[in-house]
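Engineer: Sequence first, predicted model second:
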Amino acid sequence: MPSCSPDCCLFQAVEIVKVWSEDGAGKVVEIPADMTARDVCQLLVYKSHCLDDNAWTLVEHHPILGLERCLEDHELVVQVQASMSSDSKFLFRKNYAKYEFFRNPLNFFPEQMVALCQESDGSIPQSQLLQNFLNSSSCPEIQGYLYVKEPGRKSWKKLYMFLRRSGLYYSTKGTSKEPRHLQLLSDLEDSNIFTIITGRKLHNAPTDYQFCIKPSKVRSDCKELKMLCAEDEQSRTCWMTAFRLLKYGIVLYQSYNVPQQRKSNHSHFTAPVRSVSENSLVAMDFSGRTGRVIDNPVEAQSAALEEGQTWRKRSQRMNVLGSPSPLHPSSLSTVIHRTQVWFHGRIMREEAHKMMIQQGQVDGLFLLRDSQSNPKAFVLTLCHHQKIKHFQILPCEEDGQVFFSLDDGTTKFTDLIHLVEFYQLNRGVLPCKLKHPCTAVAL
């Protein structure tokens, strides 16, 4: 029998992976066995013509267990797929909070929850917080109360827990961290941490902030899962982020730095590279008998703004001589936003909450939707300090034209696109600027 050639081995290493989007559409891709989650995301971004802002992730979704987690960028997709059950699947989704703890560590690790493993209750200086997690020779730990679901029962027990490099422990005697009082609940090396997506009623959870440690070998056996529950979103985020840092350490930082290095490699470009056709365009003034080129950039910008306002005034008169024009402001301003990635139509408040949580509750994450209580109004859903807030956008009329406002008419906009663009640059009455659009992509 002839031996297998290297080319044949490479061909056999290609695997079929199916990835689903939020709208239920799926895309099948062929990938090599050594392809990472980041590589697959970039492939899907390219195929789907999405904006690559390094926030895209593959999500390991287990509908029967009611669990999901974002794959780390360095994980091998084929390897993860081999450990999943037949009902599980990959989702393609944004997660703006994937590396947010590197940018704002103080928001993720409350001082009272971070300590050193030594018996002395020494605290870690906040300036050295991430260095201690990334340095394998140091021994930081996360400590605090968690609810633990008792195996085979619907009851939960409140225990004082310690998360270390060696695993997650609970104290059998109050808050004592003496070795004789600590029991190992789960290791980190052969486990992954998941968010529970089924809601608190199914497991009779004491709060909404559930998460779970799942051994890698477990496919569909609920008995092997370590079900946990935190007091609030901040503490749940702290436990889950620390689990990732203690398990993967410097690898996470290297993955975070990959897009940063790409940016620095292009930092010598002071402006986006334009095509030849764009560079051949010039600003012109046709107000006189003959046209002239506007050389002054300030004058050119002013002319562009004036032309934009003139177009809007002209559009108000476009239906005078006949049937309503599709560009008439009464229709244009009410539909133009529907093409935007941040607009989600008639979704319920609960669905908006779910999307915001799934895409990472970072400051400035936002979406717009139709109001459920007022058919003429809209709602801005915004995340700030890991809390989701809702602001009603009301229509107001002035000189026969309809405007939209967040602040009872103090600041008015002709359409929702202008409103969003304004609050992306100005905080105004909002707790923070609009920064990250909460979006769903169709594969």
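Structural biologist: Great, that's in hand.

Engineer: ranges for the strands of the stretch 51-200 of the chain?
Structural biologist: Listed in chain order, the strands of the stretch 51-200 of the chain (DSSP state E, counting those that start in this stretch) span 56-62, 67-70, 89-94, 114-116, 140-149, 156-164, 167-171, 182-186, 191-196.

Engineer: Could you count how many residues lie near V14?
Structural biologist: A count of nearby residues for V14, using other C-beta atoms under 10 Å, gives 12. (C-beta placed from N, C-alpha, C; glycine too.)

Engineer: The residue lying closest to it once chain neighbours are set aside sits in which helix or strand?
Structural biologist: Nearest non-adjacent residue to V14, counting by C-beta to C-beta, 6 or more residues apart in numbering: E30, 5.2 Å away. Under the criterion of DSSP states H and E, E30 resides in strand 26-31.

Engineer: Tell me how far the helix or strand just after that strand lies from the chain's centre.
Structural biologist: Remark: after strand 26-31, the chain's next helix or strand is helix 37-48, criterion DSSP H and E. Counting by C-alpha atoms, centre = their mean, to the nearest Å, helix 37-48 is centred 16 Å from the centre of its parent chain.

Engineer: Buried residues of helix 37-48, list them for me.
Structural biologist: Residues 37-41, 44-45 are the ones in helix 37-48 that count as buried (16 or more other C-beta atoms under 10 Å).

Engineer: For G364, which non-adjacent residue is spatially closest?
Structural biologist: Using C-beta to C-beta, 6+ apart, the closest residue to G364 is K435 (2.8 Å).

Engineer: Give me the phi and psi for the one you found.
Structural biologist: With angles defined as degrees, to the nearest 10, K435 sits at phi -130, psi -50.

Engineer: which ones are touching it?
Structural biologist: 362-366, 424 (C-beta atoms under 8 Å, 6 or more residues apart in numbering).

Engineer: same deal with R38?
Structural biologist: Counting by C-beta under 8 Å, 6+ apart, R38 has contacts 73-74, 255, 258.

Engineer: If we use 6 Å, what do you get?
Structural biologist: D73 (C-beta atoms under 6 Å, 6 or more residues apart in numbering).

Engineer: re earlier: pull the residues that contact the strand holding E30.
Structural biologist: Counting by C-beta under 6 Å, 6+ apart, strand 26-31 makes contact with 14-15, 17-20, 443, all of which sit outside it.

Engineer: Quick one: buried ones out of these?
Structural biologist: Buried by 16+ other C-beta under 10 Å: 15, 17, 19-20, 443, out of the contacts of strand 26-31.

Engineer: Can you tell me which of those residues is nearest L430?
Structural biologist: The closest of the buried ones among the contacts of strand 26-31 to L430 turns out to be L443 (C-beta to C-beta; 32.3 Å).

Engineer: so how far is R427 from F194?
Structural biologist: 35 Å (C-beta to C-beta, to the nearest Å).

Engineer: Name the residues of the longest strand belonging to the chain that are buried.
Structural biologist: When the chain is parsed with DSSP state E, its longest strand is strand 387-398. Using 16+ other C-beta under 10 Å as the test for burial, strand 387-398 gives 388, 391, 393-394.

Engineer: could the residues you listed be laid out in CSV, adding pLDDT and distance to D208?
Structural biologist: Output for the buried residues of strand 387-398, formatted as CSV (pLDDT from 0 to 100; distance: C-beta to C-beta, whole Å):
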residue, pLDDT, distance to D208
I388, 94, 12
F391, 96, 23
I393, 95, 28
L394, 94, 30
